[in-house]
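Q: what's the 3D shape of this:
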Amino acid sequence: MALRQALGSEGEVMRPESKPCSRLMRQTAGIFSVGGGLAFWVLCRLHYGPRITVPRSLRWASCGAVTMNSASLLLVQLFSPECEPQNVAAYDKPEHKTE
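A: Predicted coordinates:
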């Protein structure tokens, strides 16, 4: 799943105190959803100027949130060592979660 092995990683199992992949993805999704919504809302305001309406503004903000959320999750899954298959199998189980 991750590109690290193709880029030269040996694929070792990570340390047990590292964050699990699901927690890292959940945090990333929350941050980038808010950021994407705000960024696309600003772009909507700049694009439409005084012709802005509330439904149009909300539509742009929701599209920005979904777009940034999905793009950031894809990048986390591809490049994060926590999301390599052996690390998900070893450390993403309920007994290893520290929340």
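
Q: does residue 73 really touch residue 25, like I thought?
A: Yes - in this structure, residue 73 is within contact of residue 25 by Cβ atoms under 8 Å, at 5.7 Å. Backbone N, C-alpha and C define where each C-beta goes, glycine included.

Q: Which of the residues in the lengthiest helix in the chain are classified as buried?
A: Criterion DSSP state H: the longest helix present in the chain is helix 21-48. For helix 21-48, a neighbour-count test (16 or more other Cβ atoms under 10 Å) marks 21, 24-25, 28-29, 32-33, 36-37, 39-41, 44 as buried.

Q: try stretch 62-81
A: 64-65, 67-69, 72-73, 76-77, 80.

Q: And the residue lying closest to residue 82 once chain neighbours are set aside, what's its pLDDT?
A: Excluding the flanking residues, the one nearest residue 82 by Cβ to Cβ, 6 or more residues apart in numbering is residue 21, at 4.6 Å. Here the pLDDT value assigned to residue 21 is 76.

Q: Would you confirm that residue 21 contacts residue 80?
A: Yes - in this structure, residue 21 is within contact of residue 80 by Cβ under 8 Å, at 7.0 Å.

Q: As CSV, could you dump the C-alpha coordinates of stretch 40-57?
A: This file holds the C-alpha atoms of stretch 40-57, laid out as CSV (Å, rounded to 0.1, in the frame of the first residue of the first chain):
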residue,chain,number,x,y,z
PHE,A,40,-12.6,26.9,-1.1
TRP,A,41,-14.9,29.4,0.7
VAL,A,42,-12.3,32.1,0.2
LEU,A,43,-11.9,31.1,-3.4
CYS,A,44,-15.7,31.3,-3.9
ARG,A,45,-15.7,34.8,-2.3
LEU,A,46,-12.9,35.9,-4.6
HIS,A,47,-14.5,34.4,-7.7
TYR,A,48,-18.1,35.6,-7.3
GLY,A,49,-17.5,38.8,-5.4
PRO,A,50,-20.8,40.6,-4.5
ARG,A,51,-22.9,38.0,-6.4
ILE,A,52,-22.2,35.4,-3.6
THR,A,53,-25.1,33.5,-2.2
VAL,A,54,-25.2,31.3,0.9
PRO,A,55,-26.1,28.1,-1.0
ARG,A,56,-23.2,28.7,-3.5
SER,A,57,-20.8,29.5,-0.7
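
Q: I'm done for today, thanks for sticking with me.
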